[in-house]
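Asks: coordinates only, sequence not included:
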């Protein structure tokens with residue numbers, strides 16, 4: 001077995017730009033929806049408290065027009081503030097989901113590439129993306145697999161050379177047939193390794 005170091009240096013995070021902002025739409029909309037839902041719940045609790053406390057005081061003074069105008073002006077300002085709050089929270093949620101969904105999408109594509117036999121593929125993330133440690137572990141895994149693959153490939157080529165030498169030196173027909181069959185099997189295995 002080929003000794004392999006425990007860690008491979010990951011490519012440093014770079015200032016990459018993604019072509020699409022919604023990289024993994026279903027995941028991103030779930031994250032944004034959850035954040036907006038939690039903010040909406042908190043907002044409803046605050047508004048409920050506001051209306052309960054202020055509405056009680058106002059109901060006793062319904063005849064005072066100044067208080068009613070103040071109440072309406074406060075509501076208008078509050079609604080505008082809530083609208084901007086939701087827009088800001090939506091934007092922050094989308095940005096955070098993008099920093100999480102992008103690396104997940106990169107890893108998904110990398111799994112397909114490595115599954116197709118390209119063990120030299122490495123994942124690179126942007127500097128502030130999440131899951132840096134997972135990507136580093138993935139890159140270490142592919143490095144180790146590549147090193148082991150090269151060791152197995154070299155050992156199979158060595159076995160093939162030894163079989164060729166043995167075939168050249170053997171005169172017994174039955175042994176030659178067995179060695180020839182074994183050589184064909186090893187040669188097929190070598191050809192099946194993507195290179």
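Replies: Arrived safely, thanks for sending. The model shown is predicted, which means the values in this text are computed figures rather than measured ones. Residues are numbered from 1 along each chain as shown.
Asks: can you give me the strands for this protein?
Replies: Taking DSSP state E as the criterion, the chain contains no strands.
Asks: Can you tell me which helix or strand of it has the lowest average pLDDT?
Replies: Here the helix or strand of the chain ranked lowest by mean pLDDT, DSSP states H and E is helix 25-60, holding a mean of 76.
Asks: Can you mark which positions in it are buried?
Replies: Neighbour-count burial for helix 25-60 flags 28, 31, 32, 35, 39, 43 (criterion: 16 or more other CB atoms under 10 Å). Backbone N, C-alpha and C define where each C-beta goes, glycine included.
Asks: which residues touch the third one?
Replies: In other words, residue 32. 90, 93, 94, 97 (CB atoms under 8 Å, 6 or more residues apart in numbering).
Asks: Mind putting the buried residues of helix 25-60 into JSON lines with distance to residue 68?
Replies: Converted to JSON lines, those look like this (distance: CB to CB, whole Å):
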{"residue": "28", "distance to residue 68": "44"}
{"residue": "31", "distance to residue 68": "42"}
{"residue": "32", "distance to residue 68": "38"}
{"residue": "35", "distance to residue 68": "36"}
{"residue": "39", "distance to residue 68": "29"}
{"residue": "43", "distance to residue 68": "24"}
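Asks: what's near enough to touch the residue lying closest to residue 190 once chain neighbours are set aside?
Replies: Closest residue to residue 190 apart from its sequence neighbours, by CB to CB, 6 or more residues apart in numbering: residue 156 at 5.3 Å. Residue 156 sits next to 186, 189, 190, 193 when contact means CB under 8 Å, 6+ apart.
Asks: where's residue 156 relative to residue 146, distance?
Replies: Noted for residue 156: a distance of 16 Å to residue 146, by CB to CB, to the nearest Å.
Asks: Quick check on residue 127: phi, psi?
Replies: Note on residue 127: backbone dihedrals following degrees, to the nearest 10 are phi -60, psi -40.
Asks: Determine the number of other residues adjacent to it.
Replies: If you count neighbours by other CB atoms under 10 Å, residue 127 ends up with 10.
Asks: out of the contacts of residue 32, which are buried?
Replies: Buried, going by 16+ other CB under 10 Å: 93, 94, 97, out of the contacts of residue 32.
Asks: Walking through the protein, point out its helices one by one.
Replies: Here the chain has its helices, by DSSP state H, at 25-60, 65-115, 132-169, 173-192.
Asks: Next, the buried residues of the shortest one.
Replies: Spelled out, that is helix 173-192. 179, 183, 186.
Asks: Residue 168 is in contact with residue 176, correct?
Replies: No. With contact defined as CB atoms under 8 Å, residue 176 does not count as touching residue 168 (9.9 Å).
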